[in-house]
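Engineer: Build me a structure from this.
(one chain, ligands or ions: 2)
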Amino acid sequence: MPNNKSEPKYQTTSNTIAVKQIPVDRPSSGSNSSNKIQIKEQKGVFQKIRTTMNTGLVLLFVLLPFISYGGRQAILFDLEAQQFFFFGTSLWPQDFTVLAWVFIAAAFLLFFVTVFWGRVWCGYLCPQTAWTFMFVWIETRIEGNRTKRLALDKAPWSSNKILKRLAKHLTWGLSALITGCAFIAYFIPARELYLDIFTLNASFWVSAWVWFFALCTYLNAGWMREQMCLHCCPYSRFQSAMFDGNTKTVTYDAARGESRGPRKRKQNTELGDCIDCNLCVDVCPTGIDIRNGLQYECINCGACVDACNETMEKFGYQPNLIGYFSENALKGKAKPVYRSTKFIGYGIAVVIMFIVIGIDMNGRSDIQLSVIRDRQELYRETVDDMVENSYTLKIRNKTQETRYYRLSVDNRELFKLSAQQELVIKAGELLDYPVTVRANPLMLPGTPSPIVFSVSEVGRDETAVFQESNFFGPIFMASCR
Ligand code: SF4
Ligand code: SF4
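Structural biologist: Ligands and ions are numbered 1, 2, ... in the order given. From the prediction side, this is the model:
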(Lines give C-alpha, C1' and ligand atoms only; values in the text may rest on other atoms or scores of the structure.)
(Ligands and ions follow the chains in the order given, each with its own letter.)
Protein backbone atom coordinates (compact mmCIF):
# COMPACT_ATOMS: atom_id res chain seq x y z
CA MET A 1 0.00 0.00 0.00
CA PRO A 2 1.51 3.28 -1.05
CA ASN A 3 2.04 5.69 1.74
CA ASN A 4 4.12 8.79 1.38
CA LYS A 5 5.31 10.16 4.71
CA SER A 6 7.86 12.52 3.23
CA GLU A 7 6.42 15.98 3.86
CA PRO A 8 3.67 16.39 6.45
CA LYS A 9 1.26 19.08 5.32
CA TYR A 10 0.23 20.26 8.79
CA GLN A 11 3.35 21.05 10.71
CA THR A 12 3.31 21.98 14.36
CA THR A 13 5.95 22.54 16.98
CA SER A 14 5.34 21.16 20.44
CA ASN A 15 3.93 24.49 21.66
CA THR A 16 2.10 25.95 18.70
CA ILE A 17 -0.75 24.96 16.45
CA ALA A 18 -0.23 25.91 12.85
CA VAL A 19 -2.95 28.17 11.50
CA LYS A 20 -4.05 27.10 8.09
CA GLN A 21 -5.96 29.37 5.74
CA ILE A 22 -8.79 27.40 4.15
CA PRO A 23 -10.07 28.61 0.80
CA VAL A 24 -13.64 29.89 1.11
CA ASP A 25 -14.77 29.32 -2.47
CA ARG A 26 -17.27 26.82 -1.18
CA PRO A 27 -18.84 24.74 -2.67
CA SER A 28 -15.81 23.44 -4.50
CA SER A 29 -17.33 20.94 -6.84
CA GLY A 30 -20.93 20.41 -5.97
CA SER A 31 -21.97 23.81 -7.13
CA ASN A 32 -23.86 25.09 -10.06
CA SER A 33 -24.27 28.57 -11.38
CA SER A 34 -26.49 29.55 -8.44
CA ASN A 35 -23.82 28.30 -6.02
CA LYS A 36 -26.26 25.73 -4.68
CA ILE A 37 -24.73 22.54 -3.34
CA GLN A 38 -25.92 19.46 -5.16
CA ILE A 39 -25.26 16.60 -2.77
CA LYS A 40 -24.32 13.22 -4.20
CA GLU A 41 -26.35 10.43 -2.65
CA GLN A 42 -24.09 8.07 -0.74
CA LYS A 43 -24.58 4.58 0.62
CA GLY A 44 -22.61 2.99 3.43
CA VAL A 45 -22.62 2.01 7.07
CA PHE A 46 -22.90 5.51 8.50
CA GLN A 47 -25.50 6.57 5.96
CA LYS A 48 -27.57 3.52 6.90
CA ILE A 49 -27.38 4.51 10.57
CA ARG A 50 -28.21 8.13 9.76
CA THR A 51 -31.11 7.24 7.44
CA THR A 52 -32.58 4.85 10.01
CA MET A 53 -32.32 7.41 12.80
CA ASN A 54 -33.66 10.26 10.66
CA THR A 55 -36.57 8.16 9.38
CA GLY A 56 -37.40 7.07 12.92
CA LEU A 57 -37.27 10.66 14.11
CA VAL A 58 -39.55 11.98 11.34
CA LEU A 59 -42.06 9.13 11.80
CA LEU A 60 -42.06 9.63 15.56
CA PHE A 61 -42.65 13.36 15.16
CA VAL A 62 -45.57 12.87 12.76
CA LEU A 63 -47.20 9.86 14.44
CA LEU A 64 -46.89 10.68 18.16
CA PRO A 65 -49.92 13.04 18.16
CA PHE A 66 -52.10 10.19 16.87
CA ILE A 67 -51.49 8.07 19.97
CA SER A 68 -54.39 8.14 22.41
CA TYR A 69 -54.28 7.47 26.13
CA GLY A 70 -57.24 7.40 28.51
CA GLY A 71 -59.63 8.67 25.85
CA ARG A 72 -57.57 11.70 24.84
CA GLN A 73 -54.48 12.55 22.78
CA ALA A 74 -51.53 11.19 24.75
CA ILE A 75 -49.21 14.17 24.16
CA LEU A 76 -50.91 17.54 23.91
CA PHE A 77 -50.07 21.10 24.90
CA ASP A 78 -53.62 22.36 25.46
CA LEU A 79 -53.06 26.12 25.38
CA GLU A 80 -56.71 26.94 26.03
CA ALA A 81 -56.85 24.76 29.16
CA GLN A 82 -53.23 25.71 30.01
CA GLN A 83 -52.29 22.06 30.47
CA PHE A 84 -49.67 19.75 29.06
CA PHE A 85 -50.91 16.18 28.81
CA PHE A 86 -48.25 13.53 28.68
CA PHE A 87 -49.98 10.14 28.74
CA GLY A 88 -51.41 9.84 32.29
CA THR A 89 -49.70 12.97 33.63
CA SER A 90 -51.02 16.52 33.38
CA LEU A 91 -48.63 19.40 33.86
CA TRP A 92 -49.97 22.85 34.72
CA PRO A 93 -48.07 26.14 34.30
CA GLN A 94 -46.81 25.91 37.90
CA ASP A 95 -45.37 22.44 37.11
CA PHE A 96 -43.38 23.66 34.14
CA THR A 97 -40.19 23.79 36.19
CA VAL A 98 -40.03 20.06 35.43
CA LEU A 99 -39.95 20.82 31.70
CA ALA A 100 -37.25 23.44 32.30
CA TRP A 101 -35.15 20.83 34.15
CA VAL A 102 -35.72 18.35 31.34
CA PHE A 103 -34.42 20.87 28.78
CA ILE A 104 -31.38 21.71 30.94
CA ALA A 105 -30.66 17.98 31.45
CA ALA A 106 -30.97 17.44 27.67
CA ALA A 107 -28.48 20.27 27.05
CA PHE A 108 -25.92 18.77 29.47
CA LEU A 109 -26.49 15.33 27.97
CA LEU A 110 -25.75 16.82 24.56
CA PHE A 111 -22.53 18.41 25.88
CA PHE A 112 -21.56 15.10 27.50
CA VAL A 113 -22.09 13.17 24.24
CA THR A 114 -20.21 15.89 22.34
CA VAL A 115 -17.10 15.28 24.46
CA PHE A 116 -17.15 11.67 23.18
CA TRP A 117 -18.45 11.94 19.63
CA GLY A 118 -18.26 15.58 18.57
CA ARG A 119 -21.27 16.82 16.62
CA VAL A 120 -23.09 13.49 16.21
CA TRP A 121 -26.31 15.24 17.24
CA CYS A 122 -26.03 17.45 14.15
CA GLY A 123 -25.27 14.60 11.80
CA TYR A 124 -27.71 12.01 13.05
CA LEU A 125 -30.54 13.54 15.06
CA CYS A 126 -30.89 17.24 14.32
CA PRO A 127 -34.27 17.97 12.66
CA GLN A 128 -32.53 20.34 10.22
CA THR A 129 -30.38 17.46 8.95
CA ALA A 130 -33.28 14.97 8.94
CA TRP A 131 -35.57 17.24 6.91
CA THR A 132 -32.77 18.40 4.58
CA PHE A 133 -31.81 14.82 3.72
CA MET A 134 -35.51 13.98 3.27
CA PHE A 135 -35.88 16.84 0.78
CA VAL A 136 -32.66 15.79 -1.00
CA TRP A 137 -34.04 12.25 -1.22
CA ILE A 138 -37.23 13.58 -2.86
CA GLU A 139 -35.15 15.75 -5.22
CA THR A 140 -33.01 12.77 -6.25
CA ARG A 141 -36.07 10.58 -6.91
CA ILE A 142 -37.64 13.25 -9.17
CA GLU A 143 -34.69 14.96 -10.87
CA GLY A 144 -32.16 12.14 -10.80
CA ASN A 145 -28.67 11.79 -9.37
CA ARG A 146 -26.26 14.66 -8.77
CA THR A 147 -24.89 14.69 -12.33
CA LYS A 148 -28.40 14.84 -13.79
CA ARG A 149 -29.42 17.57 -11.35
CA LEU A 150 -26.38 19.68 -12.22
CA ALA A 151 -27.21 19.22 -15.90
CA LEU A 152 -30.85 20.13 -15.28
CA ASP A 153 -29.77 23.28 -13.43
CA LYS A 154 -27.75 24.38 -16.43
CA ALA A 155 -30.31 23.28 -19.04
CA PRO A 156 -32.60 25.92 -20.60
CA TRP A 157 -36.24 25.89 -19.57
CA SER A 158 -38.18 23.15 -21.37
CA SER A 159 -41.40 21.22 -20.70
CA ASN A 160 -39.31 18.43 -19.13
CA LYS A 161 -37.53 20.85 -16.78
CA ILE A 162 -40.78 22.62 -15.85
CA LEU A 163 -42.52 19.30 -15.13
CA LYS A 164 -39.66 18.03 -12.97
CA ARG A 165 -39.39 21.28 -11.05
CA LEU A 166 -43.16 21.41 -10.57
CA ALA A 167 -43.25 17.82 -9.30
CA LYS A 168 -40.34 18.51 -6.95
CA HIS A 169 -41.76 21.69 -5.46
CA LEU A 170 -45.26 20.21 -5.10
CA THR A 171 -43.85 17.17 -3.27
CA TRP A 172 -41.67 19.42 -1.10
CA GLY A 173 -44.74 21.59 -0.44
CA LEU A 174 -46.86 18.60 0.57
CA SER A 175 -44.10 17.30 2.87
CA ALA A 176 -43.77 20.77 4.39
CA LEU A 177 -47.54 21.01 4.89
CA ILE A 178 -47.60 17.64 6.68
CA THR A 179 -44.69 18.85 8.83
CA GLY A 180 -46.64 22.05 9.67
CA CYS A 181 -49.69 19.95 10.61
CA ALA A 182 -47.51 17.56 12.64
CA PHE A 183 -46.10 20.46 14.65
CA ILE A 184 -49.46 22.11 15.33
CA ALA A 185 -50.95 18.67 16.17
CA TYR A 186 -49.05 18.88 19.47
CA PHE A 187 -51.26 21.86 20.35
CA ILE A 188 -54.59 20.97 18.72
CA PRO A 189 -56.16 17.47 18.58
CA ALA A 190 -54.46 15.82 15.61
CA ARG A 191 -57.26 14.02 13.84
CA GLU A 192 -59.54 17.07 13.63
CA LEU A 193 -56.60 19.26 12.62
CA TYR A 194 -55.55 17.18 9.60
CA LEU A 195 -59.19 16.81 8.52
CA ASP A 196 -59.85 20.54 8.85
CA ILE A 197 -56.65 21.55 7.03
CA PHE A 198 -57.07 19.18 4.10
CA THR A 199 -60.80 19.99 3.73
CA LEU A 200 -60.08 23.74 4.09
CA ASN A 201 -62.33 23.96 7.16
CA ALA A 202 -59.71 25.07 9.68
CA SER A 203 -60.09 28.44 11.38
CA PHE A 204 -58.00 31.38 10.18
CA TRP A 205 -55.46 31.22 13.03
CA VAL A 206 -55.03 27.44 12.91
CA SER A 207 -54.48 27.62 9.14
CA ALA A 208 -52.10 30.57 9.55
CA TRP A 209 -49.91 28.68 12.04
CA VAL A 210 -49.88 25.48 9.98
CA TRP A 211 -48.95 27.36 6.80
CA PHE A 212 -46.34 29.39 8.66
CA PHE A 213 -44.55 26.25 9.85
CA ALA A 214 -45.02 24.64 6.42
CA LEU A 215 -43.37 27.65 4.79
CA CYS A 216 -40.48 27.58 7.29
CA THR A 217 -39.94 23.86 6.57
CA TYR A 218 -40.08 24.39 2.80
CA LEU A 219 -37.56 27.24 2.91
CA ASN A 220 -35.29 25.55 5.46
CA ALA A 221 -35.07 22.08 3.99
CA GLY A 222 -35.60 23.01 0.35
CA TRP A 223 -33.60 26.21 -0.04
CA MET A 224 -31.54 27.26 2.95
CA ARG A 225 -30.25 23.83 3.99
CA GLU A 226 -26.58 24.12 5.02
CA GLN A 227 -26.94 27.91 5.37
CA MET A 228 -28.86 27.28 8.60
CA CYS A 229 -25.96 25.19 9.97
CA LEU A 230 -23.31 27.64 8.76
CA HIS A 231 -24.89 30.96 9.71
CA CYS A 232 -27.86 30.49 12.05
CA CYS A 233 -27.05 27.58 14.38
CA PRO A 234 -25.23 28.75 17.52
CA TYR A 235 -24.18 25.21 18.41
CA SER A 236 -21.69 25.02 15.54
CA ARG A 237 -19.93 28.08 16.95
CA PHE A 238 -19.29 26.81 20.46
CA GLN A 239 -19.16 23.05 19.92
CA SER A 240 -15.38 22.98 19.72
CA ALA A 241 -15.22 24.33 23.30
CA MET A 242 -16.50 20.91 24.40
CA PHE A 243 -13.93 18.91 22.48
CA ASP A 244 -10.87 17.39 24.07
CA GLY A 245 -7.98 15.41 22.61
CA ASN A 246 -10.00 12.18 22.76
CA THR A 247 -13.18 13.48 21.08
CA LYS A 248 -13.96 11.45 17.99
CA THR A 249 -14.74 13.65 15.02
CA VAL A 250 -14.73 13.00 11.31
CA THR A 251 -11.08 13.48 10.39
CA TYR A 252 -8.89 12.93 7.37
CA ASP A 253 -5.73 10.97 8.13
CA ALA A 254 -3.39 13.41 6.38
CA ALA A 255 -0.25 11.45 7.24
CA ARG A 256 -1.63 8.47 5.36
CA GLY A 257 -3.45 10.31 2.57
CA GLU A 258 -0.82 12.85 1.47
CA SER A 259 0.54 13.50 -1.01
CA ARG A 260 -2.73 13.02 -2.79
CA GLY A 261 -3.06 12.41 -6.50
CA PRO A 262 -4.93 10.42 -9.13
CA ARG A 263 -3.71 7.03 -10.31
CA LYS A 264 -4.97 3.86 -11.90
CA ARG A 265 -6.12 0.89 -9.85
CA LYS A 266 -3.29 -1.37 -8.72
CA GLN A 267 -0.75 1.15 -10.03
CA ASN A 268 2.37 1.40 -7.90
CA THR A 269 2.94 4.96 -6.83
CA GLU A 270 4.83 6.98 -4.26
CA LEU A 271 1.69 8.99 -3.55
CA GLY A 272 -0.37 8.74 -0.38
CA ASP A 273 -3.68 6.87 -0.24
CA CYS A 274 -5.88 9.81 -1.28
CA ILE A 275 -6.56 9.44 -4.98
CA ASP A 276 -8.07 12.93 -5.11
CA CYS A 277 -11.39 11.64 -6.46
CA ASN A 278 -13.25 14.47 -4.69
CA LEU A 279 -16.06 12.12 -3.69
CA CYS A 280 -15.78 13.21 -0.06
CA VAL A 281 -16.59 16.76 -1.17
CA ASP A 282 -19.40 15.75 -3.56
CA VAL A 283 -21.32 13.96 -0.81
CA CYS A 284 -20.81 16.62 1.85
CA PRO A 285 -24.08 18.37 2.76
CA THR A 286 -22.19 21.51 3.83
CA GLY A 287 -19.90 21.50 0.81
CA ILE A 288 -16.59 21.39 2.67
CA ASP A 289 -13.41 19.48 1.99
CA ILE A 290 -12.63 17.57 5.17
CA ARG A 291 -9.06 17.12 3.96
CA ASN A 292 -8.52 20.75 4.97
CA GLY A 293 -8.81 19.73 8.62
CA LEU A 294 -11.42 20.20 11.37
CA GLN A 295 -13.95 22.85 10.34
CA TYR A 296 -16.95 24.24 12.20
CA GLU A 297 -19.11 23.53 9.13
CA CYS A 298 -18.66 19.75 9.54
CA ILE A 299 -21.80 18.21 11.05
CA ASN A 300 -20.17 14.79 11.58
CA CYS A 301 -22.68 13.05 9.30
CA GLY A 302 -20.11 10.51 8.09
CA ALA A 303 -21.10 10.77 4.40
CA CYS A 304 -17.48 11.43 3.45
CA VAL A 305 -16.36 8.43 5.53
CA ASP A 306 -18.66 6.13 3.54
CA ALA A 307 -17.68 7.76 0.24
CA CYS A 308 -13.97 7.45 0.92
CA ASN A 309 -14.29 3.87 2.17
CA GLU A 310 -16.01 2.99 -1.10
CA THR A 311 -13.04 4.42 -3.00
CA MET A 312 -10.53 2.72 -0.71
CA GLU A 313 -12.25 -0.61 -1.34
CA LYS A 314 -12.15 -0.08 -5.12
CA PHE A 315 -8.42 0.61 -4.99
CA GLY A 316 -7.71 -2.21 -2.54
CA TYR A 317 -6.55 0.15 0.22
CA GLN A 318 -7.29 -0.09 3.92
CA PRO A 319 -10.57 1.62 4.90
CA ASN A 320 -10.91 4.73 7.07
CA LEU A 321 -8.62 7.20 5.37
CA ILE A 322 -11.41 9.46 6.59
CA GLY A 323 -12.98 8.20 9.80
CA TYR A 324 -14.19 8.98 13.27
CA PHE A 325 -10.79 9.57 14.88
CA SER A 326 -9.65 11.46 17.93
CA GLU A 327 -6.67 13.79 17.78
CA ASN A 328 -4.80 11.56 20.25
CA ALA A 329 -5.60 8.39 18.33
CA LEU A 330 -4.13 9.91 15.16
CA LYS A 331 -1.00 10.81 17.11
CA GLY A 332 -0.83 7.23 18.37
CA LYS A 333 -1.42 8.22 21.98
CA ALA A 334 -3.14 5.72 24.27
CA LYS A 335 -6.62 6.56 25.58
CA PRO A 336 -6.16 7.85 29.15
CA VAL A 337 -8.26 6.49 32.01
CA TYR A 338 -8.96 10.03 33.18
CA ARG A 339 -10.35 11.82 30.14
CA SER A 340 -10.79 15.45 31.08
CA THR A 341 -12.40 17.80 33.58
CA LYS A 342 -15.08 18.64 30.99
CA PHE A 343 -16.08 15.02 30.67
CA ILE A 344 -16.35 14.60 34.46
CA GLY A 345 -18.10 17.97 34.85
CA TYR A 346 -20.77 17.32 32.19
CA GLY A 347 -21.28 13.79 33.54
CA ILE A 348 -21.88 15.09 37.08
CA ALA A 349 -24.18 17.84 35.74
CA VAL A 350 -26.30 15.26 33.89
CA VAL A 351 -26.61 13.08 37.01
CA ILE A 352 -27.54 16.11 39.15
CA MET A 353 -30.17 17.22 36.63
CA PHE A 354 -31.80 13.78 36.60
CA ILE A 355 -31.84 13.75 40.42
CA VAL A 356 -33.46 17.22 40.41
CA ILE A 357 -36.09 16.03 37.90
CA GLY A 358 -36.78 12.99 40.11
CA ILE A 359 -37.17 15.17 43.23
CA ASP A 360 -39.35 17.68 41.36
CA MET A 361 -41.63 14.97 39.97
CA ASN A 362 -41.82 13.26 43.34
CA GLY A 363 -42.76 16.50 45.08
CA ARG A 364 -45.43 17.29 42.51
CA SER A 365 -48.99 17.13 43.79
CA ASP A 366 -52.15 16.34 41.84
CA ILE A 367 -54.03 18.85 43.99
CA GLN A 368 -53.60 22.61 43.77
CA LEU A 369 -54.81 24.62 46.77
CA SER A 370 -54.81 28.32 47.44
CA VAL A 371 -56.62 30.13 50.24
CA ILE A 372 -57.91 33.68 49.85
CA ARG A 373 -59.22 35.51 52.92
CA ASP A 374 -62.43 37.51 52.67
CA ARG A 375 -61.28 41.12 52.35
CA GLN A 376 -64.66 42.67 53.24
CA GLU A 377 -64.31 42.21 57.01
CA LEU A 378 -61.61 40.88 59.30
CA TYR A 379 -64.05 38.82 61.39
CA ARG A 380 -67.69 38.58 62.45
CA GLU A 381 -69.05 38.08 65.96
CA THR A 382 -71.89 35.59 66.27
CA VAL A 383 -74.83 35.51 68.71
CA ASP A 384 -73.20 32.68 70.66
CA ASP A 385 -70.03 34.80 71.29
CA MET A 386 -67.90 33.07 68.70
CA VAL A 387 -65.93 34.77 65.92
CA GLU A 388 -66.12 33.80 62.27
CA ASN A 389 -63.66 34.33 59.39
CA SER A 390 -64.52 33.70 55.75
CA TYR A 391 -62.23 32.32 53.06
CA THR A 392 -62.45 31.23 49.47
CA LEU A 393 -60.53 28.05 48.72
CA LYS A 394 -59.41 27.49 45.17
CA ILE A 395 -58.96 23.77 44.70
CA ARG A 396 -57.85 22.27 41.41
CA ASN A 397 -58.04 18.61 40.48
CA LYS A 398 -54.89 18.35 38.33
CA THR A 399 -55.55 14.76 37.26
CA GLN A 400 -57.34 13.57 34.16
CA GLU A 401 -60.30 11.99 36.06
CA THR A 402 -62.96 12.97 38.60
CA ARG A 403 -61.66 12.68 42.18
CA TYR A 404 -63.13 12.83 45.72
CA TYR A 405 -61.46 15.11 48.25
CA ARG A 406 -61.63 15.81 51.99
CA LEU A 407 -61.17 19.32 53.33
CA SER A 408 -59.97 20.00 56.88
CA VAL A 409 -58.24 22.56 59.16
CA ASP A 410 -55.57 21.97 61.76
CA ASN A 411 -56.22 22.48 65.47
CA ARG A 412 -59.78 21.17 65.36
CA GLU A 413 -60.21 21.87 69.11
CA LEU A 414 -60.03 25.56 68.26
CA PHE A 415 -61.21 25.93 64.66
CA LYS A 416 -64.57 24.62 63.46
CA LEU A 417 -65.12 24.40 59.73
CA SER A 418 -68.67 25.33 58.69
CA ALA A 419 -68.77 23.78 55.24
CA GLN A 420 -69.27 20.47 53.58
CA GLN A 421 -65.94 18.70 53.94
CA GLU A 422 -66.25 16.08 51.20
CA LEU A 423 -65.99 17.43 47.68
CA VAL A 424 -66.19 16.00 44.17
CA ILE A 425 -64.09 17.80 41.57
CA LYS A 426 -64.02 16.93 37.90
CA ALA A 427 -60.79 16.37 35.92
CA GLY A 428 -58.86 19.61 35.51
CA GLU A 429 -61.61 21.67 37.24
CA LEU A 430 -60.73 24.62 39.45
CA LEU A 431 -63.31 24.80 42.25
CA ASP A 432 -63.95 28.13 44.00
CA TYR A 433 -65.19 26.99 47.42
CA PRO A 434 -66.29 29.56 50.05
CA VAL A 435 -65.88 28.36 53.65
CA THR A 436 -66.42 29.84 57.10
CA VAL A 437 -64.32 28.98 60.14
CA ARG A 438 -65.56 29.61 63.70
CA ALA A 439 -63.50 29.86 66.86
CA ASN A 440 -63.91 30.77 70.50
CA PRO A 441 -62.12 34.15 70.77
CA LEU A 442 -61.02 33.37 74.34
CA MET A 443 -59.05 30.39 73.08
CA LEU A 444 -57.24 32.23 70.31
CA PRO A 445 -53.49 32.40 70.95
CA GLY A 446 -53.37 35.88 69.39
CA THR A 447 -54.66 37.81 66.47
CA PRO A 448 -54.05 37.01 63.79
CA SER A 449 -53.61 33.31 64.61
CA PRO A 450 -52.20 30.92 62.03
CA ILE A 451 -54.63 28.45 60.54
CA VAL A 452 -53.70 25.67 58.14
CA PHE A 453 -56.14 24.28 55.57
CA SER A 454 -55.55 20.91 54.00
CA VAL A 455 -57.11 19.00 51.13
CA SER A 456 -56.47 15.33 50.48
CA GLU A 457 -57.99 12.63 48.33
CA VAL A 458 -60.52 10.56 50.24
CA GLY A 459 -58.77 7.52 51.68
CA ARG A 460 -55.32 8.77 50.63
CA ASP A 461 -53.97 11.02 53.37
CA GLU A 462 -50.49 11.00 51.81
CA THR A 463 -51.84 13.15 48.94
CA ALA A 464 -52.67 16.04 51.30
CA VAL A 465 -51.64 19.58 50.36
CA PHE A 466 -51.50 22.34 52.95
CA GLN A 467 -51.91 26.08 52.81
CA GLU A 468 -51.49 28.45 55.75
CA SER A 469 -53.61 31.56 56.30
CA ASN A 470 -54.60 33.87 59.21
CA PHE A 471 -57.57 33.86 61.54
CA PHE A 472 -58.53 37.21 63.05
CA GLY A 473 -60.41 37.90 66.28
CA PRO A 474 -61.01 40.93 68.51
CA ILE A 475 -57.72 42.55 69.54
CA PHE A 476 -58.68 43.16 73.19
CA MET A 477 -59.49 39.49 73.57
CA ALA A 478 -56.03 38.59 72.48
CA SER A 479 -54.32 41.18 74.73
CA CYS A 480 -56.49 40.51 77.83
CA ARG A 481 -56.25 36.73 77.56
S1 SF4 B 1 -17.08 16.76 6.11
FE2 SF4 B 1 -17.94 14.71 6.07
S3 SF4 B 1 -18.86 14.45 8.07
FE4 SF4 B 1 -18.47 16.62 7.82
S5 SF4 B 1 -20.40 17.42 7.03
FE6 SF4 B 1 -19.11 16.95 5.26
S7 SF4 B 1 -19.68 14.86 4.72
FE8 SF4 B 1 -20.49 15.19 6.75
S1 SF4 C 1 -12.89 10.39 -1.02
FE2 SF4 C 1 -10.99 9.71 -0.08
S3 SF4 C 1 -9.70 9.33 -1.79
FE4 SF4 C 1 -11.36 10.54 -2.60
S5 SF4 C 1 -10.62 12.64 -2.41
FE6 SF4 C 1 -11.71 12.20 -0.57
S7 SF4 C 1 -10.12 11.55 0.85
FE8 SF4 C 1 -9.24 11.39 -1.21
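
Engineer: which outside residues touch stretch 460-477?
Structural biologist: With contact meaning CB atoms under 8 Å, 6 or more residues apart in numbering, stretch 460-477 is reached by 365-371, 373, 378-379, 381, 387, 389, 391, 415, 437, 439, 441-442, 444, 447-457. For the C-beta atoms, the positions are set from N, CA and C on the backbone; glycine is no exception.

Engineer: again with stretch 417-427
Structural biologist: Stretch 417-427 is contacted by residues 388, 395-397, 399-409, 431, 433-438, 455, 458 when judged by CB under 8 Å, 6+ apart.

Engineer: Buried among those residues? Make that a PyMOL selection.
Structural biologist: Burial among these is assessed by 16 or more other CB atoms under 10 Å; the matching PyMOL selection reads:
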select buried, resi 388+395+396+397+399+400+403+405+406+407+409+433+435+437+438+455
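
Engineer: which among the contacts of stretch 460-477 end up buried?
Structural biologist: Buried, going by 16+ other CB under 10 Å: 366-369, 371, 373, 378-379, 387, 389, 391, 415, 437, 439, 441, 444, 447-449, 451, 453-457, out of the contacts of stretch 460-477.

Engineer: Among those, name the ones in strands.
Structural biologist: Among these, the members found in strands (DSSP state E) are 367-369, 371, 373, 387, 389, 391, 415, 437, 439, 449, 451, 453-457.

Engineer: What does the pLDDT read for the closest residue to residue 169 other than its chain neighbours?
Structural biologist: Excluding the flanking residues, the one nearest residue 169 by CB to CB, 6 or more residues apart in numbering is residue 222, at 7.7 Å. pLDDT for residue 222: 93.

Engineer: Over to residue 382?
Structural biologist: Looking at residue 382, the pLDDT reads 90.

Engineer: check contacts around it.
Structural biologist: Residue 382 makes contacts with 388, 438, as judged by CB under 8 Å, 6+ apart.

Engineer: run the last query once more with 10 Å
Structural biologist: Neighbouring residues of residue 382 by CB atoms under 10 Å, 6 or more residues apart in numbering: 388, 436, 438.

Engineer: Kindly report the same for residue 347.
Structural biologist: 108-109, 111-112, 115, 339.

Engineer: Let's see that with 8 Å instead.
Structural biologist: Residue 347 neighbours (CB under 8 Å, 6+ apart): residue 112.

Engineer: what's the helix or strand for it?
Structural biologist: Here residue 347, judged by DSSP states H and E, is contained in helix 341-363.

Engineer: ok and the residue in the stretch 51-200 of the chain nearest ligand 1?
Structural biologist: Ligand 1 sits closest to residue 123 of the stretch 51-200 of the chain, with a gap of 6.2 Å, by CB to the nearest ligand atom.

Engineer: Report the spatially closest residue to that residue, excluding sequence-adjacent ones.
Structural biologist: Once flanking residues are discounted, residue 123 sits nearest to residue 301: 3.6 Å by CB to CB, 6+ apart.
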